[in-house]
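1. Sequence and predicted structure below; questions after.
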Amino acid sequence: MSNEKKKFNWKAVTQHHLFLPIVCLLVVLLVNVIKTPDFFVISMKGGVLYGYLVDVVNRASELVIVAIGMTLVTAASGGQDISVGAVMAVAASVCCQILSGGQVSTDTLMNSMALAIIAAIIVAGLCGAFNGFLVANLGIQPMVATLILYTAGRGIAQLVTKGQITYVRVDSFKVMGGYIGKCPIPTPIFFAIAAIILINIILKKTALGLYIESVGINGSASRLVGLNSTMIKFLTYVICGVLAGVAGIVASSRIYSADANNIGLNLEMDAILAVALGGNVLSGGKFSIMGSVIGAYTIQALTTTLYAMAVSADQLPVYKAIVVIIIVVIQSPVFRRNMEAWKQKRALRNKAMEGGH
Amino acid sequence: MAQNEILTMKGITKTFPGVKALSNVDFKLCKGDIHALMGENGAGKSTLIKVLTGIYPFDAGEITMDGRPMVNRSPQDAQNNGISTVYQEVNLCPNLTVAENLFIGREPRKLGMINWSEMNARSRKLLQSLDIEVTPTTLLDECSIAIQQMIAIARAVDMECKVLILDEPTSSLDEDEVEKLFVLMKKLKAKGVGIIFVTHFLEQVYEVCDKITVLRNGELVGEYDVENLPRVQLVAKMMGKDFDDLADIKSERIGSVKEGESVIEAKGISHHGTIKPFDMIFNKGEVVGLTGLLGSGRSEMVRSIYGADKADSGEIRVFGKKVKINTPLDAMKAGMAYLPEDRKKDGILADLSVRENIIIALQAKRGMFHPMKRKEMEDAATNFINLLQIKTASMETPIKSLSGGNQQKVILGRWLLTNPRFLILDEPTRGIDIGTKTEIQKLVLRLADEGKSIAFISSEVEEMLRTCSRMAVLRDGKKVGEIEGDDLTQEKIMETIAGGEKSNE
């Protein structure tokens, strides 16, 4: 009886939608431990936590924040927002430019932090609204619509900073990418956790989650049951833009500057991968925020591993691609079905052999 | 006799999680036979077809074709083995031309490149031989559903199949087209093709079929020769019980039709290109039928009232009060509900659960910031699963794994949950077995008795006569008349649909 119950639970676990993403993460972590035995060692150095694991969780923060927005956009519109990296750069440049009061470098804040952050987030939200308008109202394919800001975004950021890299060498600004006072945990981790909690609250306290899934699955049926597909799609792009803005501010605080050419570079691709690794279908419909979050940490763990194995930054994408291919194949429905068939066949053969004896 | 058998299925068993879809089913198909496969929704017809064509693997049993064992792992496999299928919902590419659809995957080639002129020429010849009036270079999207269906059949025919499976091909065809299809089927029969014909229309079975195999709850009831099985018995075998007469339900109703107050009053409503301005009143406690040929504007009429296609002119009054309806949500807030014609495209949210599919309309009506509590959703779902006897493994099962009739019940439940005053039912019984059909018809009458106003659209005139107390007739996007009382007969309706030439003479 109890044995049977255990078996049943095991099946429920393997069929859970987060099962494979978690397994993937564990495998990557396992490889890490084998390659770098002190991977899980966390020590205190100079009053802050230190170790590979801390580094992974810290570095993944921007990716986690962006991946959440990407998940919503993917679910509602069945396409991806490839402009998030560029939007991060725009937000960073707006934030830094306001703080520096237009100078190339500053040692004191020229304007209040709150103003700079709010302005940066509003600008990022407007970028998202622009994407949302093109996709939801004009019906342009997401990839094409967001290609505009993908290419133009960094140019806009350069315009804002007048082609310079704006430095804000003020400790209070460095907090967001560094540490709050004597807290040993890096601040970006708090941003990531806050983003996860905030979005989950929004999805729980409103019916937005259900609406997004409905619209992503069947737009025309959703319209007939009274949902405003256009508005819902638009909203996901705005949320995605705002989250990219937050990620951009964190990223610029890390390097206390607005480097329009490098902030969030190629992050959109990692974010899309995180969504896919999380077991979300890229053509829209049902989604899992937690899946994407796990996917984001998996990617960052992978990157850190490869660096730890002394792979140069230039070659990194090749190794990343190989691992990603393996993970995505394992999660593909065709592979799963074949595995299932193979298992059945084996079971049948075993049965036949038992019968023969 | 035995050498005549081209296809034999023996002891086929197939289980889905929680449901035994087929258990130990046998099926035989002979050369040149048209063999009807019948049963209620969820009887296992579609599953049997899908097992045969390799869409689902089966758990036990064997399939032999021409005496050799055969296992199809995919529809392509089946096709290579000479089995072609035309599904209920047309599975072609709407953004390709007719010719491309006919030859997709086997395009005539010259030096490795597609030979377009030959493809179009061969398409034209094929279409002509089957009397399908469409040019090969038209986009499939621009053809009516009926033509699309014919094209799907033409494609199968051209692939020299030995076994042709027609899965509810007639449910979206009008009588002329059905007739044409039957001519085509008889042609193929003469050529020695074995045809498996899945349908819900009894008359059609008796018109073209040689044999009938009946399934019920995933089990084989039996195989019969058509001439030895009277209709009543066939129905009894499908339902597994003595059949309470369909004709009875109307008699329960007669006399209870009362003059109610008007619920919905449409004045001069029109939508450019689909429906010309019309006036229409729907009263309380009344079932009003909308009839006409396919494309006559009966669906477009309700769509323009509901705001699915925003009306270009005219006004809607709800209980005498003028209401502005720009979107379906406006209509829902005014107490309307709309069960759309195309269940797959406009009705179900395939990946969502039965529960979510049931509550989505009420949730949308309440608004995003008033999410329903989990308990409330579950109560609503349980309530309608019991009330409408929806067959599902659980309320968390995705709706796509339910049979067509049960999906329709879920959609019906979705709208009843919003407690509408005016319920629009566009082909609620299409592709649904007789048992469920009767259930739905009875439900419609009960809802009317409870004081709801109902607009009912169906391609089957008989069904409309059974349920409606008044009927509006449409022709070419225009309302041409209303019939009620003693005039409500098949002849009178046909006459009105056919047109006013008679009165002009």
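-> Nice, thanks for sending it over. Residues are numbered from 1 along each chain as shown, chains lettered A, B, ... in the order given.
2. Chain A contacts on chain B?
-> Within reach of chain A by CB under 8 Å from any CB of the partner chain, chain B has these residues: B:57, B:306, B:308, B:327-329, B:332, B:338, B:340, B:345-352, B:356, B:360-361, B:363-372, B:414. In this view, the C-beta of every residue, glycine as well, is placed from N, C-alpha and C.
3. need the contact list for the residue of the stretch 101-250 of chain A found nearest chain B.
-> Residue nearest to chain B within the stretch 101-250 of chain A (CB to the nearest CB): A:G226, separated by 3.8 Å. Counting by CB atoms under 8 Å, 6 or more residues apart in numbering or on different chains, A:G226 touches B:327-329, B:332, B:361, B:364-365.
4. Which members of those occur in helices, if any?
-> With DSSP state H as the criterion, helices contain B:328-329, B:332, B:361, B:364-365 from among the contacts of A:G226.
5. which one of those sits closest to B:V25?
-> Closest approach to B:V25 among the ones in helices among the contacts of A:G226 (CB to CB): B:A361, at 37.5 Å.
6. Skip the chain neighbours and tell me the closest residue to the closest one.
-> A:V225 (4.3 Å; CB to CB, 6 or more residues apart in numbering or on different chains).
7. Verify the stated contact: the one you found with B:L362.
-> No: the criterion here is CB atoms under 8 Å, and A:V225 misses it with B:L362 at 9.1 Å.
8. okay, and the common contacts of those two?
-> With CB under 8 Å, 6+ apart as the test, A:V225 and B:L362 both reach B:R414.
9. which one of those two has more residues nearby?
-> Legend: neighbour count by other CB atoms under 10 Å in any protein chain shown for A:V225 and B:L362, higher for A:V225 (28 against 21).
10. quick one, helices of the stretch 251-357 of chain A?
-> Secondary structure of the stretch 251-357 of chain A (DSSP state H, counting those that start in this stretch): helices located at A:267-277, A:289-308, A:316-331, A:333-356.
11. Show me the one of these that comes nearest chain B.
-> Closest among these, using CB to the nearest CB: helix A:333-356, at 6.8 Å.
12. Identify the residues contacting the closest one?
-> Residues outside helix A:333-356 that contact it (CB under 8 Å, 6+ apart) are A:329, B:57.
13. Now it: buried residues?
-> Of the residues in helix A:333-356, none count as buried by neighbour count, 16 or more other CB atoms under 10 Å in any protein chain shown.
14. how far is that helix from where the chain is centred?
-> Put simply, helix A:333-356 sits 37 Å off its chain's centre (CA atoms, centre = their mean, to the nearest Å).
15. ok, the residue nearest to A:L63 when sequence neighbours are not counted - contacts?
-> The shortest distance from A:L63 to any residue other than its chain neighbours is 4.4 Å, reached at A:A296 (CB to CB, 6+ apart). Applying CB under 8 Å, 6+ apart, we find A:A296 in contact with A:60, A:63-64, A:67, A:270-271, A:274.
16. Can you get me the start-to-end distance on stretch B:279-296?
-> 16 Å (CA to CA, to the nearest Å).
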